[in-house]
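> Requesting a structural model of the entry that follows:
(one chain, ligands or ions: 2)
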Amino acid sequence: MSFADKTLTCRDCGMDFVFTSGEQEFYAQKGFANEPTRCPSCRQQRKASNGGRSYSERNGYGRNDGYAGGRGSYGGERQMYTTTCAACGREAQVPFMPRGDKPVYCSDCFQDQRRSSGRNRW
Ligand SMILES: [Zn+2]
Ligand SMILES: [Zn+2]
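Numbering: from 1, shown residues only. Ligands and ions are numbered 1, 2, ... in the order given. The predicted structure follows:
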């Protein structure tokens, strides 16, 4: 397998730069499917400014499929907000932003509310 020097255009500064045969070989060995999109100097700048930030994609967040009730539709990020329970006054963690127009209950009181209004529907 042989490589030839290639001229690419940097997407940051728009300058042409050479993707050398040596680099192409290196990329192929590493299994990189994509060609570099930035010239070496822009790559260096980004590296310097990013400070080693990693692009770790979060996939497979813990989704609780056994949640009975079918009310929970919080997809994606599972951020919890701290608020005060409207029934018992204790600190409560809720998976949505409390907006103040509705009472918010802790998980204990929430279940109590459901039990008293839902009348044991199974
Ligand atoms: Zn550039
Ligand atoms: Zn409560």
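> Going by C-alpha atoms from here, please, whenever you check contacts or count neighbours.
Will do.
> Give the buried residues for stretch 2-17.
The neighbour-count check on stretch 2-17 (16 or more other Cα atoms under 10 Å) flags Leu8, Thr9, Cys10, Phe17 as buried.
> how about the last one, phi and psi?
Right, the one you point to is Phe17. Torsion angles at Phe17 (phi, psi; degrees, to the nearest 10) stand at phi -140, psi 160.
> Within range of ligand 2, give me the residues from the chain.
Neighbours of ligand 2 within the chain, by Cα under 5 Å from the ion: Cys85, Ala87, Cys88, Cys106, Cys109.
> gap between the closest residue to Gln79 other than its chain neighbours and ligand 1?
Counting by Cα to Cα, 6 or more residues apart in numbering, Gln79 lies nearest to Pro95, which is 5.9 Å off, once chain neighbours are set aside. Distance of Pro95 to ligand 1, given as Cα to the ion, to the nearest Å: 43 Å.
> quick one: Pro95 and Met80 touch, right?
Yes: with contact defined as Cα atoms under 8 Å, Pro95 counts as touching Met80 (4.5 Å).
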